[in-house]
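Novice: Here is the input, now give the coordinates:
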Amino acid sequence: MRVPLSDCPDGFSVRPSDFAAVLFVARLTDWPCDSGLATGSLHRSLGEAGEIEPETEGFLIENGVDYAEFSNEALACLPNVTPESPWKIPAEEIRKRRDLRQQCIFTIDPATARDLDDALSCIPLGGGNYEVGVHIADVSYFLTEGTVLDEVASERATSVYLVQKVIPMLPRLLCEQLCSLNPAEDRLTFSVIWTVTEEGKILDEWMGRSVIRSCVKMTYQHAQGIIEDPTKEWTAEEIPPVTGNHSIPDIVQCVLNLNKIAVNLRRQRFDDGALRLDQPKLAFTMDFNSGLPNGCSVYVQKDSNRLVEEFMLLANMAVAHRTYRAAKEKAMLRRHPPPKAKMFDDVVDLCKRMGMPINAATAGDLQTSLNLYHAADEHSKGRCQVLVHLCAKPMQMAKYFCSGYIDDEFQYKHYALNVPFYTHFTSPIRRYADVVVHRLLAEALECGPTVVADKSRIELQAQHCNDKKTAAKRVQDLSGELFFAVFIKECGPLEEEGMVLAVLDQSFDVLVLKFGVIKRVYCNALPLKEHQFHKNHNNPSLTLVWKTDDRNPEIKQTIKIFTLLNVILKADEQPLKYSATIKRPEELEED
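Specialist: Next comes the predicted model:
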C-alpha cells in the first residue's frame, strides 16, 4: 500500500528506523484497476510490535471485532440500576412465569467465569425417574427487538474470548449482573424440564419462562471432585457457599444423579452415531507482576465438562424441534454439512497406506474407527492426536440458517451430532443467535411478543452470525498463538515430543504433543548434508542426511507421517515469532 509521506509521524523521513517496530492502522482509500498497488492513509499508531496489547488490538481491527465501549444510546436501553436502587424482578413478571426459586438449582462453570448463562437441577421422582431442568438466562427480556442496544448486539453477534480478557456482546450490567445466574439472586430464565429415566429415556418435556434462584456457583473442579469421590463428606471449606434451604449433601447428590444420567445420554448419543473430534485448547498461567505467561498446558475435558455438555445438547435439540414445528418458515437452526468428499477420501487413503485404516462412511463409523486406536502409551496417544487433526481438515464449519431458505430437510442435519435438527439456545449472554432462538421460542409457546423479523431478516442475521463466529474463532486462535509465542520467549527454548502429520518437499509439519500446537520444520534450518523427497503416491516421506560433526557421524533419518521426534521450540529475533527444529537422531538408521 502506498501511503503519503505527509501522513507519517514527525521524523519518519529522517529517522525511519525509529518506527520500524511500530504498528500502524492504515485505511485503504483507493485502488485503481490499472494499478498493482493500493493507496491508503495512516489512521493511527497502535504501539510497539511485539507488545501484547498493541498486537491484540491489531488483529481485533483486522478481523472487524468491535471492542469499543457501548454508546450512551445503547446503555440508555438498560434498566436504571444504582447501588441505592438495585433492580428487582417486577411482581407481575414473576406471576407470568413458573416459579422455581425454591428448587435446588446451581451453576457449573470455569473458575474465572462471570457470565453465567446456564444452570441445572435434578429432582428424584422415585421409581428410577428424575425431573431434570436446564435453566438459561432470559436475555431477551432485557434485550427488546429493534432497540439501539439490540442493533449493537446483533452487529457484534458474539462475545470474543481472548487469553487475557473478554470482549462482551452485551454491556457488563447485563452479562455479569442482571442476566448472569449468580447465586442467591432471583433471575429470569427460560427452562427446559424433562421427566427422564436413569438411562436417559425422556418421558415428558416442558418448556417455558421461569424464575430461579441459584443456590451455589460451582466450578468444574468442584463437580469433578464430587464425581471422582462420590462417598466423600464435603465440608463448607471445600464447596462454595450454599444458600437457601439447601445443603452440601443436596448439591453432591444432584451432581451425582446428573452425572449418572449424562453418562447414559452420552453413551446413547455415540451408539446412535455421533462424532467428537476434540481440538486442543491451550490454557495459560500468568505472572502476577508482569502479566506475561509463565505456564502453558492443554485444557483437559473431564466428566464434569461432559455432564454439562450433555444437558446443553439435549436442550438445544429439544428447542430446535419445538421452534421448527411452530414456524417452519422462520426457525433459526444450525446445520453441519458432511466433510468435503475429495479431501476426506485422501485422508482415508493415507490412513490405509499408513496401516491405520478408518471407515468414514458415516460420522458414527468414523468415531468407531478412531476409538480402535485409543491406547495408554504415549506413541498411541500421539497417533490418535494426529488422526484427529487429519480427519478435522476436511470437515466443514457448522452454520446458522433460517429454515425458510432451505427446502430439503435432509440438509438441516448436523453431521457430527448425527441429529436431524439442532440450534443454539443455551448461551444467549454471549451469542446473539441464541437470543433470536429465545424470541422464536417465546412466540411459539405464546409467552412472549410476536417476533418482528421476517424470514429474510432472520436469514441475514444467521449469515452475519456465521461471519462473526468465524472472525471470533480466528481472533481467539491468534490470541492463543500470541501468548504461546510469548511463553516460548519467556520460558524457552523447549524440547518436547512431536509427531509428523504432513510431509512436503522442503519441510514437514509436526504436532507438538504436549501443547497440541502444529509447527512447520524447514529442512534448510537443520544441519543437513542433503535431503530427498519421495512422493510415494499418497504416502510422502523425506530422507534427511545429517552432516558429520565433531561428535556425531553422518546419520540418515526418514520422516513420514506418524514419525515420533524431539522438537525444539525457540524464540526468533523477530517479535512474537518462534521456530521449530528437531533434535538430531542418536542412532544410525538402516537403509
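
Novice: can you give me the helices in the stretch 451-591 of the chain?
Specialist: Across the stretch 451-591 of the chain, reading from the start of the chain, the helices by DSSP state H, counting those that start in this stretch fall at 455-491.

Novice: scratch that, the chain
Specialist: Counting by DSSP state H, the segments of the chain that form helices are 52-62, 72-75, 91-95, 139-142, 148-156, 172, 220-228, 248-271, 303-326, 341-353, 363-372, 378-392, 432-444, 455-491.

Novice: Out of those helices, which is closest to Gly126?
Specialist: Go through these one by one with CB to CB and the one that ends up closest to Gly126 is helix 248-271, at 12.7 Å. Yep, even glycine has a C-beta here, placed from its N, CA and C like the rest.

Novice: Quick one, grab the pLDDT at the nearest residue in space to Gln367 that is not next to it in sequence.
Specialist: For Gln367, ignoring the flanking residues on the chain, the nearest one in space by CB to CB, 6 or more residues apart in numbering is Leu275 at 4.6 Å. Leu275 is assigned a predicted lDDT (pLDDT) of 97.

Novice: so Leu275 sits right up against Tyr415, yeah?
Specialist: Yes - the pair Leu275 and Tyr415 qualifies as a contact (CB atoms under 8 Å) at a distance of 7.5 Å.

Novice: where do the contact lists of those two overlap?
Specialist: Taking CB atoms under 8 Å, 6 or more residues apart in numbering as the contact definition, Leu275 and Tyr415 share the neighbouring residues Ala363.

Novice: tell me, what residue is most central in this structure?
Specialist: Among the residues of the chain, Lys473 comes closest to the average C-alpha position under CA atoms, centre = their mean, at 7.3 Å.

Novice: May I have the residues that are in contact with that residue?
Specialist: For Lys473, no contacting residues are found, by CB under 8 Å, 6+ apart.

Novice: one more time with 10 Å, if that's ok
Specialist: With CB atoms under 10 Å, 6 or more residues apart in numbering as the criterion, the residues that contact Lys473 are 63, 158, 160, 397.

Novice: re the thing from before, go through the helices of the chain and pick out the most buried.
Specialist: Mean neighbour count, computed with mean count of other CB atoms under 10 Å, is highest for helix 432-444 among the helices of the chain, reaching a mean of 25.

Novice: Only the C-alpha atoms, please, for that one, written as CSV.
Specialist: Extracted in CSV, the C-alpha atoms of helix 432-444 (Å, rounded to 0.1, in the frame of the first residue of the first chain):
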residue,chain,number,x,y,z
TYR,A,432,-26.9,-13.4,19.5
ALA,A,433,-28.2,-16.4,17.6
ASP,A,434,-29.4,-17.8,20.9
VAL,A,435,-31.3,-14.5,21.6
VAL,A,436,-33.1,-14.9,18.3
VAL,A,437,-34.0,-18.5,19.2
HIS,A,438,-35.3,-17.4,22.6
ARG,A,439,-37.6,-14.9,20.9
LEU,A,440,-38.8,-17.5,18.4
LEU,A,441,-39.4,-20.0,21.3
ALA,A,442,-41.3,-17.4,23.4
GLU,A,443,-43.5,-16.8,20.4
ALA,A,444,-44.1,-20.5,19.8
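
Novice: Compute the inter-axis angle for that helix and helix 303-326.
Specialist: Computed with axes from the mean of the first three to the mean of the last three CA atoms, to 10 degrees, the direction of helix 432-444 lies at 50 degrees from that of helix 303-326.

Novice: quick one: pLDDT of Leu37?
Specialist: 85.
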